[in-house]
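Chemist: Just a sequence and a predicted model for now, questions to come.
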Amino acid sequence: MAEKKNGMSRSEFIVKSATAAAAFTIIPRFVLGRGMTAPSDKLNIAGVGIGGMGKTNLEACATENIVALCDIDRKFAAETFKLYPRAKVFKDYRVMLDEMDSIEAVVIATPDHTHAVIALEAMRRGKHVYLQKPLTHDVYESRLLLQAARKYGVVTQMGNQGHSGEGLRLMKEWIWDGAIGDVHEVMTWTNRPIWPQGMERPKRKKRVPRSLDWDLFLGPAPKRPYHPAYHPFVWRGWWDFGTGALGDMACHIMDAPYAVLKLGHPTTIEATSTKVNDESAPLASIVRYEFPARGAMPAVKLSWYDGELMPERPEGIEEGRRMGDDSGGALFIGDKGMLMCNAYARNPRLVPETAMQAYQRPEKSLPRVDMGHEQEWIAACKGGPTPSSDFEVAAPFTETVLLGNIAIRAQENRKLEWDGEKMEFTNLPEANRFVRREYRRGWELEI
């Protein structure tokens, strides 16, 4: 049964809240000029990859016209198809974009390996793009999508909802106010993976379900026989399709440190993990990044832990105090104190609690987003302010996250030195093969 909030289902609450938020600004189309859509108009949105998180994203966009739905598995997406009976149904996003010029914006929530090809095709056609995290499967793809967003002038947003939340803004205001002094270390962690990892490729072939277009699922990935070990959801653990626990959750949990501390390109990355193979991400890993000083901010060491691994509990945290929440958390360590938040940048607190109670909070100074992550993107598509996690923000951040996977896959017990401007490893050239993968013929990326 759907969770109730004030007597309403979650879907009803999202729609009513978004409608109320949108009602504050009514601007005639002519005021915005030719080609701009007035906030009083509804956006024509298409969804691609709608059986999982895409369903939730579309619920948050239900104030608009959902005109097209696309999924390579009609059985997995069947529930979402029923929710929007007027939407035209497709299995190939290219056919959808060819046939429906009326589409103005696209919500993409497919497996990681197809993010870039679908987003790029939509942007090339002038469609605004909401793209689930991680933004891309590879570092190179993030750089390319940023270039495309600039070239085509479309509105973009990555689906890391915490970036538009109150918690991130509080952390910026407190840390920039000097609440814990200069931050020189950050620890981040998650309980993921909650799907299989560390396995080799299945040897037995399985019959492709009639509801699934397996070739379209593969997209730019190398051909391989179908197996239920890959789809749905469990694709996250396979290198050809997903980006493991790091790619899935670091785009939420590392987001606050990256944004608050203005981190930019790391200079070194190193990783240790359980057994690594060429097929799937390991069961557990630790990744360590080093970032240089930025203006008045000192150099920072950032550590990532997954697979139920946890950082050592720092001295000064009260006995019995939980580290983060069920999904993970982040701990900022400064020279005057510490700040901890849950996953998704929620519930930030100075620690120990006595420090929180003693802290005189500064006045709120940063703009707040009071309409939800998807609605923020929709408002921007209609001429409103730039979304908080557009590709200018999301692409460099995603690059940094994905560098951790390269350190894991390189299987080298040493720091990898990274030149962010040149987009290459300088002390281990062979690791550069993971920066940009080979694409199956016909699926190559071009702006």
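Modeler: Yes, it's here.

Chemist: Just give the nearest non-adjacent residue to residue 436, would you?
Modeler: In space, not counting the residues next to it along the chain, residue 436 is nearest to residue 140; the distance is 3.7 Å by CB to CB, 6 or more residues apart in numbering. Glycine gets a C-beta too; all of them are placed from N, C-alpha and C.

Chemist: buried residues in the helix or strand harbouring the one you found?
Modeler: Secondary structure assigned from DSSP states H and E places residue 140 in helix 139-152. Judged by neighbour count (16 or more other CB atoms under 10 Å), helix 139-152 contains these buried residues: 139-146, 148-149, 152.

Chemist: again, but for stretch 283-292
Modeler: Taking 16+ other CB under 10 Å as the neighbour-count basis, stretch 283-292 is seen to contain the buried residues 283-291.

Chemist: Give me the contacts around that stretch.
Modeler: Contacting residues not belonging to stretch 283-292 are listed as 193, 197-198, 244-246, 261, 263-275, 299-309, 400, 403-404, 407-408, 415 [CB atoms under 8 Å, 6 or more residues apart in numbering].

Chemist: when you check those against the strands, which ones overlap?
Modeler: Counted as lying in strands by DSSP state E, out of the contacts of stretch 283-292, are 268-273, 300-305.

Chemist: ok, back up a step: keep only those of the buried residues of stretch 283-292 that are in strands.
Modeler: Of the positions in these, 285-291 sit in strands, assigned by DSSP E.

Chemist: and these as TSV, adding distance to residue 232 and pLDDT?
Modeler: Formatted as TSV, the entries for those read as follows, by distance: CB to CB, whole Å; pLDDT from 0 to 100:
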residue	distance to residue 232	pLDDT
285	24	97
286	29	97
287	27	98
288	33	98
289	32	98
290	37	98
291	36	98
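
Chemist: need the residues you listed in TSV with distance to residue 54, can you?
Modeler: Below are those laid out as TSV (distance: CB to CB, whole Å):
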residue	distance to residue 54
285	28
286	32
287	28
288	34
289	30
290	36
291	33
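
Chemist: between the residues you listed, which is nearest residue 336?
Modeler: Set against residue 336, the nearest of those by CB to CB is residue 291 (19.9 Å).

Chemist: Which entries within the contacts of stretch 283-292 meet the buried criterion?
Modeler: 193, 197-198, 244-246, 261, 263, 265-271, 273, 300, 302-307, 309, 400, 403-404, 407-408, 415.

Chemist: what's the average pLDDT for the longest helix belonging to the chain?
Modeler: Criterion DSSP state H: the longest helix present in the chain is helix 391-410. For helix 391-410, mean pLDDT rounds to 98.

Chemist: Pull out the CA atoms of that helix and give them to me as CSV.
Modeler: C-alpha atoms of helix 391-410 as CSV (Å, rounded to 0.1, in the frame of the first residue of the first chain):
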residue,chain,number,x,y,z
PHE,A,391,25.3,19.3,-16.3
GLU,A,392,27.7,22.2,-15.5
VAL,A,393,27.5,20.9,-11.9
ALA,A,394,26.8,17.2,-12.4
ALA,A,395,29.3,16.3,-15.1
PRO,A,396,32.6,17.3,-13.3
PHE,A,397,31.2,15.6,-10.1
THR,A,398,30.3,12.4,-12.0
GLU,A,399,33.8,12.3,-13.5
THR,A,400,35.3,12.4,-10.0
VAL,A,401,33.0,9.6,-8.8
LEU,A,402,33.8,7.4,-11.8
LEU,A,403,37.6,7.8,-11.3
GLY,A,404,37.2,5.6,-8.3
ASN,A,405,35.9,2.8,-10.4
ILE,A,406,39.0,3.1,-12.6
ALA,A,407,41.2,2.8,-9.6
ILE,A,408,39.3,-0.3,-8.6
ARG,A,409,39.5,-1.9,-12.0
ALA,A,410,43.2,-1.0,-12.6
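
Chemist: How far does that helix sit from its chain's centre?
Modeler: Taking CA atoms, centre = their mean, to the nearest Å, one finds the center of helix 391-410 at 11 Å from the center of the full chain.

Chemist: and if you look at stretch 414-422?
Modeler: Here stretch 414-422 shows a centroid-to-chain-centroid distance of 23 Å under the convention CA atoms, centre = their mean.

Chemist: Likewise for stretch 142-159?
Modeler: Centroid separation between stretch 142-159 and its chain, computed with CA atoms, centre = their mean, is 14 Å.

Chemist: related to what we said a few turns ago, so for the longest helix of the chain, what gets flagged as buried?
Modeler: Residues of helix 391-410 classed as buried by neighbour count (16+ other CB under 10 Å): 391, 393-410.

Chemist: Could you report the neighbour count for residue 419?
Modeler: The criterion is other CB atoms under 10 Å. On that basis, residue 419 has 12 neighbouring residues.

Chemist: And for the one 4 residues further on?
Modeler: The number of residues packed around residue 423, counting by other CB under 10 Å, is 16.

Chemist: For it, give its distance to residue 391.
Modeler: From residue 423 over to residue 391 the distance is 16 Å, taken as CB to CB, to the nearest Å.

Chemist: Over to residue 241?
Modeler: Taking CB to CB as the criterion, residue 241 is separated from residue 391 by 22 Å.

Chemist: Check residue 169 too.
Modeler: Using CB to CB, we find residue 169 at a distance of 21 Å from residue 391.

Chemist: And stretch 169-187, what's buried?
Modeler: 169-175, 179-180, 183, 185-187.

Chemist: May I have the helix holding residue 140 as CSV, with CA atoms only?
Modeler: Taking Å, rounded to 0.1, in the frame of the first residue of the first chain, the C-alpha atoms of helix 139-152 are listed here in CSV:
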residue,chain,number,x,y,z
VAL,A,139,34.4,9.7,-17.5
TYR,A,140,34.7,10.7,-21.2
GLU,A,141,30.9,10.6,-21.6
SER,A,142,30.4,13.1,-18.8
ARG,A,143,32.8,15.5,-20.5
LEU,A,144,31.0,15.0,-23.8
LEU,A,145,27.5,15.6,-22.3
LEU,A,146,28.6,18.8,-20.8
GLN,A,147,29.9,20.0,-24.2
ALA,A,148,26.6,19.0,-25.8
ALA,A,149,24.5,20.8,-23.2
ARG,A,150,26.5,24.0,-23.9
LYS,A,151,26.2,23.5,-27.6
TYR,A,152,22.5,22.9,-27.8
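
Chemist: from the buried residues of stretch 169-187, which two are the most distant?
Modeler: Within the buried residues of stretch 169-187, 169 and 185 form the most distant pair, 22.4 Å apart (CB to CB).

Chemist: Break this protein down into its domains, please.
Modeler: 4-163, 165-197+242-365+392-434 (automatic domain parsing).

Chemist: quick revisit: could the buried residues of stretch 169-187 be laid out in CSV, adding distance to residue 64, pLDDT and secondary structure?
Modeler: As requested, those are arranged in CSV below (distance: CB to CB, whole Å; pLDDT from 0 to 100; DSSP: H, G, I helix; E, B strand; the rest coil):
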residue, distance to residue 64, pLDDT, secondary structure
169, 26, 98, helix
170, 30, 98, helix
171, 31, 98, helix
172, 30, 98, helix
173, 32, 98, helix
174, 35, 98, helix
175, 36, 98, helix
179, 40, 98, coil
180, 41, 98, coil
183, 40, 98, strand
185, 43, 98, strand
186, 37, 98, strand
187, 40, 98, strand
